[in-house]
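I would like to see how this sequence folds:
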Amino acid sequence: MENNSVLVLPPARRTGGMPLMEALAARHSGRDFDAGRELDMQTLSDLLWAAWGINRRSGRTAPSSHNRQEIELYVFLKSGVYKYDAAQHALLLLIPEDLRASTGSQPFVGVAPVEIALVSDTSKITGKSPQGIIEATYANTGFICQNIYLFCASEGLCTVARALVPKEELAARLSLAPEQIITLVQSVGYLKQ
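Residues are numbered from 1 along each chain as shown. Coordinates of the predicted model:
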């Protein structure tokens, strides 16, 4: 950790893992999280890079319409709420408290060690109709969500994407601007044995 507000992640491992066809066969939604088992820093690093990291000079591991890169990842951990900074491959501390349980009402919310809120900054999407903005936002969210699913399948982790989220309350807690829209929250952790 460089200082109290920036958590620099270890470099993501860009090799290994399960072959793609096996990961696709293993991909599923799970909700039975092991509350006592946190993700280690390397696994968290790999997860965030797989989700929406930088994999080439100006590109990401998931596509975005016209490469606008309007999606931001807000990462909820026991230690606080962070924003993922892909350029630094670091977590920027926003709120130093455990707010995982505030991301939904299902029984497993707050039990999973990681909750990732996908937030679209719609101000970055220009030249589209209101319907086109919605379509781009949710398509780009889906690409990142699937990256998380495939990473979790490859690493033996449990995950589920959730749309049942108190979006207005959570947006206020995160001090989001009106043009920033929470699209989904994805819970990640180890499966309860």
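
hey, let's count contacts and neighbours off CA atoms from now on
OK.

wait, isn't Ala12 in contact with Gln42?
Yes: the criterion here is C-alpha atoms under 8 Å, and Ala12 meets it with Gln42 at 7.1 Å.

so those two - more neighbours on which side?
Of the pair Ala12 and Gln42, Ala12 is the one with more neighbours under other C-alpha atoms under 10 Å, namely 18 against 13.

tell me the secondary structure at that one.
coil (DSSP: H, G, I helix; E, B strand; the rest coil).

ignoring the adjacent residues along the chain, who's closest to the residue most central in space within the chain?
Closest to where the C-alpha atoms of the chain average out (C-alpha atoms, centre = their mean) is Ile116, at 3.7 Å. Closest residue in space to Ile116, ignoring its immediate chain neighbours: Val75 at 4.7 Å, by C-alpha to C-alpha, 6 or more residues apart in numbering.

so for the helix or strand the one you found falls within, mean pLDDT?
Using DSSP states H and E, Val75 sits in strand 71-77. For strand 71-77, the mean per-residue pLDDT is 98.

can you pull the contacts of Trp52?
Counting by C-alpha atoms under 8 Å, 6 or more residues apart in numbering, Trp52 touches Arg60, Thr61, Ala62, Ala86, Ile144.

wait, Pro63 touches Cys145, no?
No: counting by C-alpha under 8 Å, Cys145 is not a contact partner of Pro63; they are 11.6 Å apart.

and the two? Which one has more around it.
Cys145 (23 against 17).

quick revisit: dump the strand holding Val75 to CSV, restricted to CA.
Extracted C-alpha coordinates of strand 71-77, given in CSV (Å, rounded to 0.1, in the frame of the first residue of the first chain):
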residue,chain,number,x,y,z
ILE,A,71,-17.7,1.6,-17.1
GLU,A,72,-16.2,2.1,-13.7
LEU,A,73,-15.8,-0.7,-11.1
TYR,A,74,-16.5,0.1,-7.4
VAL,A,75,-15.1,-2.6,-5.2
PHE,A,76,-16.7,-3.3,-1.8
LEU,A,77,-14.4,-5.1,0.6
